[in-house]
Every structure is written in C-alpha cells, then in structure tokens.
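>>> No sequence on hand, only this structure:
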C-alpha cells in the first residue's frame, strides 16, 4: 500500500493515568493526551452486541505521536489496519511489560488460592506458540491455548519479576 508522510503511533484506552505516563515518558515525541470519547458517546455509537456492557462505558483517552521518520520502521507491523508484530522483534522485559499491561492480567484460582499470569491476543494468535516457547526457554513455565498464554502459578512470580515493577495505572495487574 502506498502511503505518503511519516507514520504515527496512537494509544487509546480508558486508563488515563497510563496514557499520561506514556506522554511524560516519551515527551517530546508525543502530543498531549486528549479525551477521545465520553461514556455517553460510546453508548450511543455502540453496536447492539456490546450495548449491554455490564460495567458501563468509561471515558477513553488518546495519545498520538508526532509524525516523524523514526516511526516508519513500524510500517511492516500493519496489514490492512491490523497490527502484526514483526517476527524479528526482540522481546525485552519492557516490551513484554507493555504487552502484559495491555493484553494480560492475573487469573485467580479460588480453590488453591493461587494466581497465574496470562497474555491474550487475537491479532497475534499465530505468534503465541513462539512466545510461549520463548518463556519456556527462559525457565518461565507456561502453556499456549489458542490466542492465550497461561503461566503456571509456580512461574507467575518469575514472569512478574522478569517484566519488573508495574507501570502507573496498572499496579493491580
């Protein structure tokens, strides 16, 4: 696809604290965070299948990078408006941390009083077996299930130590 100009990166989510953290961490490469959508607007424009959102809709905030040549390196990550990671991406602890805070969380087993970390990604489902293999080679036991990686409870602490301290707004994960 022919595109003119430089690529931008956009993050849109309900976690205002994290969006502001990204802005402060990446200044001056990002524009100021903005309110993207109100709960009323989201409710009016939601499709029937999600209009019965039990928790209700929340404000969405957006941060957009400036259009600079540096971000053009990520052009190959998009195919028809869908994100696809480059197969040669190096999985550093910080990259895995951002993947986890956006697409992961803890799953609690009430019977055994234990928790396990998980990462879920529909757009990267075909890459999940490779990602699970990466963690297993590092001694962080996990299993791949369709579009999800589940870390064994005995390896959850190891995984969380690998990604390091939580980022603002996602301390609960």
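It's in. Since this is a predicted model, take the numbers as computed values, not measurements. Numbering: from 1, shown residues only.

>>> Let me know how buried residue 108 is, in neighbour terms.
12 (other CB atoms under 10 Å). Placement of C-beta: from N, CA and C, glycine included.

>>> Likewise for the one 4 residues further on?
Burial measure for residue 112: 8 neighbouring residues, criterion other CB under 10 Å.

>>> Please, which helix or strand holds the residue of the chain most remote from its centre?
Residue farthest from the centre of the chain, counting by CA atoms, centre = their mean, is residue 111 at 28.9 Å. Under the criterion of DSSP states H and E, residue 111 resides outside all helices and strands.

>>> and residue 15, how many residues sit next to it?
Other residues close to residue 15 by other CB under 10 Å number 19.

>>> That one against residue 169, yeah?
Yes - the pair residue 15 / residue 169 is scored as a contact, 4.4 Å apart, by CB atoms under 8 Å.

>>> Apart from its chain neighbours, what residue comes closest to residue 101?
The spatial neighbour of residue 101 that comes closest, neighbours along the chain excluded (CB to CB, 6 or more residues apart in numbering), is residue 170 at 4.2 Å.

>>> So the one you found: helix, strand or coil?
Following DSSP: H, G, I helix; E, B strand; the rest coil, the label given to residue 170 is coil.

>>> Do a quick rundown of the strands in the chain.
Using DSSP state E, the strands of the chain run over 10-13, 34-37, 60-64, 78-79, 82-83, 104-109, 114-120, 142-145, 148-151.

>>> export these to CSV and tack on mean pLDDT and distance to residue 71?
Formatted as CSV, those follow (pLDDT from 0 to 100; distance: least, CB to CB, whole Å):
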stretch, mean pLDDT, distance to residue 71
strand 10-13, 91, 10
strand 34-37, 94, 19
strand 60-64, 95, 11
strand 78-79, 67, 11
strand 82-83, 60, 14
strand 104-109, 89, 24
strand 114-120, 92, 24
strand 142-145, 94, 30
strand 148-151, 95, 27
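
>>> For residue 24, find the nearest of the ones you listed.
strand 60-64 (10.3 Å; CB to CB).

>>> who touches the closest one?
With CB atoms under 8 Å, 6 or more residues apart in numbering as the test, strand 60-64 has contacts from 8-16, 19, 22-23, 30-37, 42.

>>> mind checking pLDDT for the nearest residue to residue 14 once chain neighbours are set aside?
Spatial nearest neighbour of residue 14, excluding adjacent residues (CB to CB, 6+ apart): residue 58 at 4.4 Å. Confidence at residue 58, expressed as pLDDT, is 91.

>>> All set now, cheers.
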